[in-house]
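*Asks:* Sequence plus the predicted model coming up.
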Amino acid sequence: MFINDYGQKYSSKADNAADVITMADVGGIGTLIYHTFRFKDYEYDDMPDGQLALTPLVYKGYEPDVDKDNTLNGSDLFAELYNLGKKINDFSEKKSFDELIIRFCKTVAHPYDIDTIYMLLTEDKANTEKHGYMISEEAMFPVSDLKRDIEHFYHGAQLYFALRQIADGEDYDYLSLSEGGRHFDGIYVFDRFRIPVMPGTEQDDPEVDAFEPVSKEDWEKIFTKTVAERKRYEQFIEEHKHELYKYTPQPIDDFYHLREKLMDMIPDFRMRLKVDPKTNKVVFAADVHSVFDIAWYTLARYMVDVQLTDEGTNEKHYSNAKVCVCKCCGKAFIRPAKQNRRQYCGEPYCDRKRVRERVQRKREKDKVEEQQVLQKANTRIEKSKSL
């Protein structure tokens, strides 16, 4: 739906592919290099509205580290934020939430108002001794906002990685995604894949208009029908307890619905012309104000590849480096385009597991080939005997 100049909603008039311009069709859209910087340390403070906040320390001797070479791109921030969310939510992680977020801000990037603060830090008259307090006040942000944004992006990235694995037909523990962690709830959309569905149940569900009052008689009818349906369901479960897998929904059957859920999670972007600082070329890109905007923008670009095809998703044919999840430790890493089959992050433990699996596959292959050779030899012997 679109909004006209009078605030009225109306449908799109596009009736062919040429009428709709998608991100994949616009030349020049890529993973831009964004301005990032890091403060030496942070302290807790109170916002004017009473919220707990983190304020960077800026004074002489504690000058911020400004990334003037613009070394961080969207894929880097995507992976860093995903790994931060994974650590925060991991029950086995020993560091506290506060330690993890402050470490991220100090070693990766300050999260909010990045363009405005970058301009303050890089202008000719910038002086941390004179303007340190002003910069600190400008860079202050609520801790609750950071936790909310990390959780939202982490869930979005989890769902994105799950869709890629599901489309490729790979084994994926999607049920664990509905379980909560140390700080975050689970992704509720995967709950439905735990429960068997009785044939005909969905069509027989009572229809209730949430905006219309319901009479006492109607409520009694609905309640009676619900109780009866529950008894039928329990009987169905008992009768089919040894073959419930046949009636349990699978994510691959609900792939496009799950993809729509992820698309709904991705925030809207204001698109405008920008200059890529690495190439000095004008490109069409999103206007961003935080590291989360950058990461969401990167994920949105990756969504072009999240679709079912005869050979799975198209991401294996992606021409640029891409964020992937290690098959061993679950950590996100950047996979170069030339290594589009790589499944491990490269850490020593994960690499040893990769080698072990490769050796195991080689042994199994050799065993199959040996059996085939033996079978052919036995076939020749049988033929010779029959002659």
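*Replies:* That came in fine, so what should we check first? Numbering: from 1, shown residues only.
*Asks:* With residue 82 as the reference, measure out to residue 156.
*Replies:* From residue 156 across to residue 82, the span is 9 Å (Cβ to Cβ, to the nearest Å). Backbone N, C-alpha and C define where each C-beta goes, glycine included.
*Asks:* Oh, that last question was meant for residue 131, not what I typed.
*Replies:* 34 Å.
*Asks:* where does the residue nearest to residue 52 when sequence neighbours are not counted land on pLDDT?
*Replies:* Distances taken as Cβ to Cβ, 6 or more residues apart in numbering put residue 143 closest to residue 52, at 5.0 Å, once the chain neighbours are dropped. With respect to pLDDT, residue 143 has a value of 96.
*Asks:* got a list of what residue 143 touches?
*Replies:* Residue 143 is in contact with 44, 51, 52, 53, 54, 101, counting by Cβ atoms under 8 Å, 6 or more residues apart in numbering.
*Asks:* most surrounded residue in those residues?
*Replies:* Taking other Cβ atoms under 10 Å as the neighbour criterion, residue 54 ranks highest of the contacts of residue 143 with 23 neighbours.
*Asks:* Name the next helix or strand downstream of the strand or helix carrying that residue, please.
*Replies:* Using DSSP states H and E, residue 54 sits within strand 52-56. Per DSSP H and E, the first helix or strand lying C-terminal to strand 52-56 is strand 65-66.
*Asks:* List the neighbouring strands of that following strand plus their orientation.
*Replies:* Strand pairing for strand 65-66, using DSSP bridges, gives strand 37-38 (antiparallel).
*Asks:* What number of residues are in the vicinity of the closest residue to residue 187 other than its chain neighbours?
*Replies:* Excluding its sequence neighbours, the residue lying closest to residue 187 (Cβ to Cβ, 6+ apart) is residue 177, at 4.7 Å. By the measure other Cβ under 10 Å, the count of residues near residue 177 is 20.
*Asks:* Kindly confirm my reading that residue 177 is in a helix.
*Replies:* Yes. Read with DSSP: H, G, I helix; E, B strand; the rest coil, residue 177 is one of the residues of a helix.
*Asks:* if I look at the closest residue to residue 199 other than its chain neighbours, how far off is residue 171?
*Replies:* Nearest non-adjacent residue to residue 199, counting by Cβ to Cβ, 6+ apart: residue 247, 7.3 Å away. According to Cβ to Cβ, residue 247 and residue 171 sit 21 Å apart.
*Asks:* any idea which residue sits dead centre in the protein?
*Replies:* residue 157 (0.8 Å; Cα atoms, centre = their mean).
*Asks:* right, and that residue touches residue 82 too?
*Replies:* Yes. If you go by Cβ atoms under 8 Å, residue 157 and residue 82 touch, sitting 4.6 Å apart.
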